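**Student:** coordinates for the following, if possible.
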Amino acid sequence: MESDARHWQQAAERYSTGRYMDPALALHTREVNLDLIRRWAPEVPRHRVLKTDAFADATCPPRAFSWFIEGAGQLVCYDIAPGLAAQARYNAHAVGRPDTNYVTSDARSLPFADASFDLIVSDSTLDHFHSSEEIDVALREHARVLKPGGVFIVALDNPHNITEPLFRLWLHCRRGPYFIGETLTSDALVRSLEQAGLTVTGTTAMLHYPRLITKRFLRFLRWAVPSRSDRLAHALLHAVNLLERCPTRRLTGLFIAARAVKPL
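**Tutor:** Take a look at the predicted model:
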């Protein structure tokens, strides 16, 4: 756990200014996640909400969405790196959510009692382990702390994406900003959630921009038409994201996502 915490702290320090993500892309990522929560948990009480990892909260607040989950009462966020949790807590004050609770924890062993949360949201947190078995352990832990009737929304890197082989080659050449580990197929994620005692009620693929070229294209756009770049970038990202409605969404989405409910 110590080495994991050190890795994420070092990664956060390298990207502490948020420069690794274009502002329009950061805002788009936030909007897509919040839209998914609105669609998948419209009637769920949100007295206690758990959000996994504080990387975006600490390093790129425009991308972070936890503070903007509508109706979130007691908002709890955990991270394996104490420094990330501390920086995220500082940033939370700036956006008017000083009541957000940040704790240091490993996703495979949560420091919460059984049935503690009405809603749990995990966006590409559990795909940073070395094995799929560790993902299974983490999913069981989150199922444990979910209240009966509560909703668990979880996203992982999408192995079905058509650019995945190139992306993994890029990672193999040590070009990645941080460690990206094993993931699950959509079917395997469903099976793991069901084995954890949850009922899966929906799956999708999300964030459909082409991973390897989008950031470079947005840099070019800001150079070519600086006065209109924000508006054009937002419109293009929104248009590309309509691919979620297509039958081929598993081939274009960067992440697979599942909605799971804990039976009463």
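**Student:** and the top strand by length along the chain, what does it pack onto?
**Tutor:** Secondary structure of the chain per DSSP state E: the longest strand is strand 146-157. Contacts defined by 3 or more C-beta pairs under 8 Å, 6 or more residues apart in numbering; DSSP states H and E place strand 146-157 against helix 23-40, strand 117-123, helix 132-145, helix 186-195, strand 255-261. C-beta coordinates here come from the backbone N, C-alpha and C atoms, glycine included.
**Student:** go through the ones you listed and name the closest to residue 52.
**Tutor:** strand 117-123 (4.1 Å; C-beta to C-beta).
**Student:** the chain: helices as residue ranges?
**Tutor:** Using DSSP state H, the helices of the chain run over 2-14, 23-40, 55-59, 82-94, 132-145, 164-172, 186-195, 214-224, 229-241, 249-252.
**Student:** residue ranges with poor pLDDT in the stretch 151-264 of the chain?
**Tutor:** 171, 174-177 (pLDDT under 70).
**Student:** what's near enough to touch residue 181?
**Tutor:** Residue 181 makes contacts with 127, 128, 129, 130, 131, as judged by C-beta atoms under 8 Å, 6 or more residues apart in numbering.
**Student:** what is the nearest of the residues you listed to residue 202?
**Tutor:** Closest to residue 202, out of all of these and judged by C-beta to C-beta, is residue 127, at 19.2 Å.
**Student:** ok, the closest one - contacts?
**Tutor:** Per C-beta under 8 Å, 6+ apart, neighbours of residue 127: 135, 156, 157, 180, 181, 182, 183.
**Student:** give me that answer again for 7 Å
**Tutor:** By C-beta atoms under 7 Å, 6 or more residues apart in numbering, the contact set of residue 127 is 156, 157, 180, 181, 182, 183.
**Student:** quick one: which of these is most hemmed in?
**Tutor:** residue 156 (25 neighbours; other C-beta atoms under 10 Å).
**Student:** next up, the contacts around that one.
**Tutor:** 124, 126, 127, 183, 184, 189, 255, 256.
**Student:** again with residue 4
**Tutor:** residue 80 are the contacts of residue 4 under C-beta under 7 Å, 6+ apart.
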